[in-house]
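Trainee: Sequence and computational prediction follow.
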Amino acid sequence: MYVSARSDYALRAMLAVAAGGGGGELVKAASLAEVQDIPLSFLQGILLDLRRAGLLHSHRGADGGYALTRPADEITVGDVLRAVGGSLTTVRGLPAERAGYHGVAAGLTDVWLAVHGAIATVVDSTTLANLLTHTSTDRASTT
């Protein structure tokens with residue numbers, strides 16, 4: 001699995017929205033970009049993908065911004081990764097299930113599918129809330 005800058009930024013943005021908008025407040029794109037050190041023009045495309053995937057909703061205007069469409073404990077890392085990157089695992093640019101081999105290499109398909117399954121298990125069982133709780137626990141233990 002390769003984690004692109006786009007995927008990393010998307011997860012960081014979603015966590016910031018979940019943390020900042022926990023009380024129903026909207027989080028502005030410019031604020032997300034500044035706090036997470038993400039180029040604003042790049043972030044805007046990511047936020048659009050997350051909106052199209054139904055993970056964020058936005059409101060326009062001076063008081064506008066972004067908020068999660070569901071509680072943080074209902075949005076997984078896998079949801080975010082798929083929204084911005086498509087397949088979780090690729091082989092030569094194709095989804096793992098489409099990688100085909102012949103002869104002595106035929107067993108590789110099973111390996112790539114097992115890798116894909118292991119990754120899916122981890123990212124689909126980790127929610128934004130899990131990550132926020134982990135962060136809160138780490139902060140509390142260091143103070």
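Mentor: Perfect, I can see it now. Numbers count the residues shown, from 1 in each chain.

Trainee: how near is the most centrally placed residue in the chain to Asp49?
Mentor: The residue lying closest to the centre of the chain (CA atoms, centre = their mean) is Val80, at 3.0 Å. According to CB to CB, to the nearest Å, Val80 and Asp49 sit 10 Å apart. Quick note: C-beta positions are derived from backbone N, CA and C, even for glycine.

Trainee: Now the common contact residues for the two.
Mentor: Common contacts of Val80 and Asp49 (CB atoms under 8 Å, 6 or more residues apart in numbering): Ala10.

Trainee: re the thing from before, helix or strand for the residue nearest to the centre of the chain, just tell me which one.
Mentor: In this structure, Val80 is located in helix 77-85 according to DSSP states H and E.

Trainee: And that helix, what does it pack against?
Mentor: Here helix 77-85 touches helix 5-20, helix 40-52, helix 108-125, helix 128-142, going by 3 or more CB pairs under 8 Å, 6 or more residues apart in numbering; DSSP states H and E.

Trainee: which one of the ones you listed is the most hemmed in?
Mentor: Ranked by mean neighbour count, the helices and strands packed on helix 77-85 are led by helix 5-20 with a mean of 20 (mean count of other CB atoms under 10 Å).

Trainee: same for the next helix or strand after that one, what does it pack against?
Mentor: For helix 5-20, the following helix or strand on the C-terminal side (DSSP H and E) is helix 29-36. If contacts are counted by 3+ CB pairs under 8 Å, 6+ apart, helix 29-36 sits against helix 5-20, helix 40-52, strand 65-68.

Trainee: any weak-confidence spans in this structure?
Mentor: Applying pLDDT under 70 to the chain flags the ranges 21-24, 135-143.
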